[in-house]
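Trainee: Would you be able to build a 3D model of this:
(4 chains)
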Amino acid sequence: MVTIKLFGMTKMLAGNQGSLSLALPNGRRVKDLVELLDGGYPQIGELIHKKKVLVSVNQEIAHEETEIRDGDEIALLPPFAGG
Amino acid sequence: MVTIKLFGMTKMLAGNQGSLSLALPNGRRVKDLVELLDGGYPQIGELIHKKKVLVSVNQEIAHEETEIRDGDEIALLPPFAGG
Amino acid sequence: MEPIDESQLVRVQRENFSIDRELDRVKSRSKRIGGIATFLGIARDRSKGRDVDSITFEHYEGMAEKKLREIRERGLKDFDILELLIIHRYGEITIGENIVLIIAGAEHRAEAFRACKWAIDELKQITPIWKLEHTPEGEVWVEEHP
Amino acid sequence: MEPIDESQLVRVQRENFSIDRELDRVKSRSKRIGGIATFLGIARDRSKGRDVDSITFEHYEGMAEKKLREIRERGLKDFDILELLIIHRYGEITIGENIVLIIAGAEHRAEAFRACKWAIDELKQITPIWKLEHTPEGEVWVEEHP
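Mentor: Now for the predicted structure:
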């Protein structure tokens, strides 16, 4: 299981949950996680494919091939709007 | 007679007077005033010729041909150093 | 350099801040500082043609602070400045209130301006902070960088 | 625009100023203000390789205020800003103290930065203010623009 932090519009699209818990069976790369999201949360998956939502692993922006290990801190980041 | 306000290094070069009173007999243009200063205060005159000191008439930068009338506010302005 | 708690120079906080107090913090870092450029972001009553009643900022706690620390460190390295302070607020902010403060202190003003402008541009690009605008028609998550 | 005494927006004064108070003055001019760029000039302890103990500013009363008003008016006309405040101090100023404050408030930050930077550059060029530096070796009238 991995826990994924949600913010802003991704939180809204997941029914206002602050985080998701997903079983990541094999592969354990960001692209595998995105495939799972495509199934359960297609709107979020689409935003990731369009690069509107970024995936972070341990507080750094990740790419498709970034590995995910137990205990990693994962988050889905909508477009930043600080300042 | 015209009264000329002095500031900074021009005040210092005139023996720390805050102003000068000079008789301007004829012509009554800035260049006539500068000629008078060349006689009485040659160091100030030189700074004016070198454009290091500017002459203002009624709070605007003047040029050689600017006319001077009774009651005009004249000043000798060393290089600005505000900010 | 006088001793100072460096964590005070980069903050994400709910409460408002005093610009005078933060300027004193920056000034206390070096007597060589001759020019200080500051950027203050304020909640506006209009955004892209919509009326706005108030704004709520959400941030990714931990990552937001980390990115702001990175901006401060890169700013100190890449510009000829003596200090760079960054504060961003979160939570609900009413119109006219302060949102973000950047202070860049340098010997000379040109570098202070350059670093300050760079820091706020960079903050908007890389800091995980989100803005929910409350308007008469409802709530909108703002996408500054579509 | 709320009513305000415009003479408060351009001042040459002996006393120090509070940046928070002056920012509030600018913010009160328009709820459209979203970005405020500020420049604060501070008395440094070194100048062109010399130690400096303190600084005395002298100004041409009347003309200095007139030139600062001109800068404010041209700034409001030439840049997309909502307010521009300019304060310069005179008299003796010790190291670390405030000398000059420029505040430019705009809807968007880029114009606030541009106007703020232009205003301090212009102030240095056209405002009749002079600086006497007190150093361990004596007093020097500074020539910023030889």
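Trainee: Could you list the low-confidence segments of chain A?
Mentor: For chain A, residues meeting the criterion pLDDT under 70 lie at A:25-27.
Trainee: quick one: contacts for C:Val12?
Mentor: The contact partners of C:Val12, by C-beta atoms under 8 Å, 6 or more residues apart in numbering or on different chains, come to C:59, C:61, C:64-65, C:68, C:87-90, C:129. Any C-beta I mention is one placed from the backbone N, CA and C, and that applies to glycine too.
Trainee: and which of those residues is nearest chain A?
Mentor: C:Ile129 (3.1 Å; C-beta to the nearest C-beta).
Trainee: Is that closest one in contact with C:Glu65, as I believe?
Mentor: No: contact between C:Ile129 and C:Glu65 fails when scored by C-beta atoms under 8 Å: they sit 10.8 Å apart.
Trainee: Please say which of those two ends up with more neighbours.
Mentor: A side-by-side neighbour count of C:Ile129 and C:Glu65, using other C-beta atoms under 10 Å in any protein chain shown, places C:Ile129 first with 26 against 19.
Trainee: picking that back up, most surrounded residue in the contacts of C:Val12?
Mentor: C:Leu68 (28 neighbours).
Trainee: I figured it hits C:Gly75, correct?
Mentor: No: with contact defined as C-beta under 8 Å, C:Leu68 does not count as touching C:Gly75 (10.4 Å).
Trainee: Grab the longest helix from chain C for me.
Mentor: Scanning chain C for the longest helix, with DSSP state H as the assignment, gives helix C:109-126.
Trainee: Give me the next element, helix or strand, following that one.
Mentor: Going down the chain from helix C:109-126, the next helix or strand is strand C:129-135, by DSSP states H and E.
Trainee: quick one on the thing from earlier: in helices only, show me the contacts of C:Val12.
Mentor: Reading helices off these with DSSP H, I get C:64-65, C:68.
Trainee: closest to C:Thr94 among those residues?
Mentor: Closest approach to C:Thr94 among these (C-beta to C-beta): C:Ala64, at 21.5 Å.
Trainee: tell me the contacts of the closest one?
Mentor: Contacts were defined as C-beta under 8 Å, 6+ apart; by that measure C:Ala64 touches A:82, C:12, C:88, C:127-129.
Trainee: Please produce TSV containing those residues, extended by distance to D:Val140.
Mentor: Shown next, in TSV, are the contacts of C:Ala64 (distance: C-beta to C-beta, whole Å):
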residue	distance to D:Val140
A:Gly82	46
C:Val12	46
C:His88	43
C:Thr127	45
C:Pro128	51
C:Ile129	48
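Trainee: of those residues, closest to chain D?
Mentor: A:Gly82 (12.7 Å).
Trainee: List the contacts of the nearest residue to the closest one once chain neighbours are set aside.
Mentor: In this structure, A:Gly82 finds its nearest non-sequential neighbour in C:Ile129, 3.1 Å apart by C-beta to C-beta, 6 or more residues apart in numbering or on different chains. The contact partners of C:Ile129, taken as C-beta under 8 Å, 6+ apart, are A:80-83, C:12, C:57-60, C:64, C:88, C:90.
Trainee: Mind checking which of those residues are in strands?
Mentor: Judged by DSSP state E, strands contain the following of the contacts of C:Ile129: C:12, C:57-59, C:88.
Trainee: can you redo the residues you listed as a markdown table with pLDDT?
Mentor: Listed next are the ones in strands among the contacts of C:Ile129 as a markdown table, based on pLDDT from 0 to 100:
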| residue | pLDDT |
| --- | --- |
| C:Val12 | 98 |
| C:Phe57 | 98 |
| C:Glu58 | 98 |
| C:His59 | 98 |
| C:His88 | 98 |
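Trainee: can the helix-or-strand element of chain C with minimal mean pLDDT be found next to chain D?
Mentor: Of all helical and strand segments in chain C, the minimum by mean pLDDT, DSSP states H and E falls on strand C:46-47, at a mean of 86. Yes: figure legend: strand C:46-47 in contact with chain D (C-beta under 8 Å from any C-beta of the partner chain); contacting residues C:Arg46.
Trainee: close to chain A, is that strand?
Mentor: No: using C-beta under 8 Å from any C-beta, strand C:46-47 stays clear of chain A, coming no nearer than 10.5 Å.
Trainee: which strands and helices sit next to whatever helix or strand comes next after that strand?
Mentor: Per DSSP H and E, the first helix or strand lying C-terminal to strand C:46-47 is strand C:50-51. Contact here means 3 or more C-beta pairs under 8 Å, 6 or more residues apart in numbering or on different chains; DSSP states H and E; on that basis strand C:50-51 packs against strand C:129-135.
Trainee: so what strands line up beside the strand it packs on?
Mentor: Applying DSSP bridges, strand C:129-135 is found paired with strand C:54-59 (antiparallel), strand C:138-141 (antiparallel).
Trainee: what's the most buried one of these?
Mentor: For the strands paired with strand C:129-135, the largest average neighbour count (mean count of other C-beta atoms under 10 Å in any protein chain shown) is found in strand C:54-59, namely a mean of 20.
Trainee: how many neighbours does the residue of chain A found nearest chain B have?
Mentor: Nearest residue of chain A to chain B, counting by C-beta to the nearest C-beta: A:Gly83, 28.2 Å away. A:Gly83: 24 surrounding residues under other C-beta under 10 Å.
Trainee: any low-confidence regions in chain C?
Mentor: Ranges of chain C meeting pLDDT under 70: C:1-4, C:145-146.
Trainee: Which residue of it lies farthest from its centroid?
Mentor: Among residues of chain C, the one most distant from the C-alpha centroid is C:Glu137; the distance is 28.7 Å, by C-alpha atoms, centre = their mean.
Trainee: Which residue lies closest in space to it, excluding its sequence neighbours?
Mentor: Spatial nearest neighbour of C:Glu137, excluding adjacent residues (C-beta to C-beta, 6+ apart): C:Arg50 at 7.4 Å.
Trainee: same deal with C:Arg44?
Mentor: Using C-beta to C-beta, 6+ apart, the nearest residue to C:Arg44 is D:Gly34, at 4.1 Å.
Trainee: is it true that that neighbour touches D:Glu107?
Mentor: Yes: if you go by C-beta under 8 Å, D:Gly34 and D:Glu107 touch, sitting 5.3 Å apart.
Trainee: Pull up the overlap in contacts between those two.
Mentor: C:Arg44.
Trainee: for C:Ile93, what are its contacts?
Mentor: C:43, C:54-57, C:99.
Trainee: try C:Ser18
Mentor: By C-beta under 8 Å, 6+ apart, the neighbours of C:Ser18 are D:Asp20.
Trainee: Thank you, goodbye.
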